[in-house]
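S.K.: The sequence and its predicted three-dimensional model are supplied below.
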Amino acid sequence: QVQLVESGGGLVQAGGSLRLSCAASGRTFSIYGMGWFRQGPEKEREFVAVIRWSGSSEYYADSVKGRFTISRDNAKNLVYLQMNTLKSEDTAVYYCAAARGYYGPSGPMYDYWGQGTQVTVSS
């Protein structure tokens, strides 16, 4: 099992920045891909970004490309999502997810999920 805990959400003005963190614990050696997803008010959950647990590959949704950066610190079992130039449409609950044998944007392929952290962008 892998446990994931997100932190760093909050209220920010449009144009501002936030950095989300995801702390992984448990059988982290089994992780292949670590992703961030979000679910806005009355919206479906959507993919945001993913990074390989080992290696340097990253992949972003078009809606956040150039504004968000995913990174990781394997020594601390942390994954980050740096969010810049935030827009009101970025308002959502952000979830961290881990996949044992997958790296990509498909939510159902992820095995473990955190509880989420709220990000609210005021315009």
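M.R.: Everything's here; your move. Numbering: from 1, shown residues only.
S.K.: Return the set of buried residues in stretch 6-16.
M.R.: 6, 8, 9, 12 (16 or more other Cβ atoms under 10 Å). In short, each C-beta sits where N, CA and C put it, glycine included.
S.K.: likewise stretch 47-54?
M.R.: So stretch 47-54, judged by 16+ other Cβ under 10 Å, has buried residues 47, 48, 49, 50, 51, 53.
S.K.: Identify the bridge partners of the residue lying closest to residue 45 once chain neighbours are set aside.
M.R.: Ranked by Cβ to Cβ, 6 or more residues apart in numbering and with sequence neighbours excluded, the top spatial neighbour of residue 45 is residue 39, at 4.4 Å. Residue 39 forms beta bridges with residue 93, as assigned by DSSP bridges.
S.K.: Now do residue 39, the pLDDT please.
M.R.: pLDDT, residue 39: 98.
S.K.: Ok, residue 71 next?
M.R.: We have a pLDDT of 96 for residue 71.
S.K.: quick one: strands adjacent to the host helix or strand of it?
M.R.: Secondary structure assignment for residue 71, by DSSP states H and E: strand 68-73. Here strand 68-73 has these sheet partners by DSSP bridges: strand 78-83 (antiparallel).
S.K.: which residue is nearest the middle of the chain?
M.R.: residue 36 (2.2 Å; Cα atoms, centre = their mean).
S.K.: for it, what are its contacts?
M.R.: 20, 22, 48, 49, 50, 70, 79, 81, 94, 95, 96, 97 (Cβ atoms under 8 Å, 6 or more residues apart in numbering).
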